[in-house]
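[1] show me how the following folds:
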Amino acid sequence: MAIQRKKQSMDGNQAAATVSYAFTEVAGIYPITPSSPMADYVDQWAAAGQKNIFGAPVKVFEMESEAGAAGTVHGSLASGALTTTFTASQGLLLMIPNMYKIASERAET
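    Numbers count the residues shown, from 1 in each chain. You can find the predicted model right below:
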């Protein structure tokens, strides 16, 4: 039996947000261009009560800086939650110290 799937046109930001939302339990966001649309989509879907593929609501935490988003991701991963964040290249550079710490703790990402 063939599965019918609804086709939808979208840009790369919406496509990335759709897939990440499906597989996340916690999203630590700091909307900053050019990653703002992804964080906005996730925030809107969570506010509307949309559930992930596991049937659970996604908890969204909007932070005041990239460091805050990285800290949220770190803490969430340490507790065992599937976690997402979105960033630009400059934000990624700010997250490198946290990423080393997360890797050294062998947190699942």
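[2] so which bits of the helix or strand harbouring Trp45 are buried?
    In this assignment (DSSP states H and E), Trp45 forms part of helix 36-47. Residues 37-43, 45-46 are the ones in helix 36-47 that count as buried (16 or more other C-beta atoms under 10 Å). The C-beta positions use only the backbone N, C-alpha and C, and glycine is treated the same way.
[3] now Gly49: how far from Ser9?
    25 Å (C-beta to C-beta, to the nearest Å).
[4] the more surrounded of these two?
    Using other C-beta atoms under 10 Å as the criterion, Gly49 and Ser9 rank with Gly49 on top: 8 against 5.
[5] list the contacts for the residue lying closest to that one once chain neighbours are set aside?
    Nearest residue to Gly49 in three dimensions, chain neighbours excluded: Pro57, at 6.7 Å (C-beta to C-beta, 6 or more residues apart in numbering). Going by C-beta atoms under 8 Å, 6 or more residues apart in numbering, Pro57 touches 46, 49, 51.
[6] now the last one: phi and psi?
    Note on Lys51: backbone dihedrals following degrees, to the nearest 10 are phi -100, psi 160.
[7] number of residues surrounding Val60?
    Val60, neighbours per other C-beta under 10 Å, totals 20.
[8] who's in contact with it?
    Neighbours of Val60 in contact, by C-beta under 8 Å, 6+ apart: 26-27, 29, 42-43, 46-47.
[9] Thr83: which of the residues you listed is nearest?
    Set against Thr83, the nearest of these by C-beta to C-beta is Val26 (4.7 Å).
[10] show me where this protein has its strands.
    All strands of the chain, identified by DSSP state E, fall at 26-29, 59-62, 83-84.
[11] output the longest helix belonging to the chain.
    The residue-count maximum for a helix in the chain (DSSP state H) belongs to helix 89-104.
[12] mean confidence score for that one?
    For helix 89-104, mean pLDDT rounds to 87.
[13] format the strands of the chain as JSON lines; extra columns: mean pLDDT and distance to Ser104.
    Formatted as JSON lines, the strands of the chain follow (pLDDT from 0 to 100; distance: least, C-beta to C-beta, whole Å):
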{"stretch": "strand 26-29", "mean pLDDT": "94", "distance to Ser104": "19"}
{"stretch": "strand 59-62", "mean pLDDT": "94", "distance to Ser104": "23"}
{"stretch": "strand 83-84", "mean pLDDT": "93", "distance to Ser104": "17"}
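[14] lovely, talk soon.
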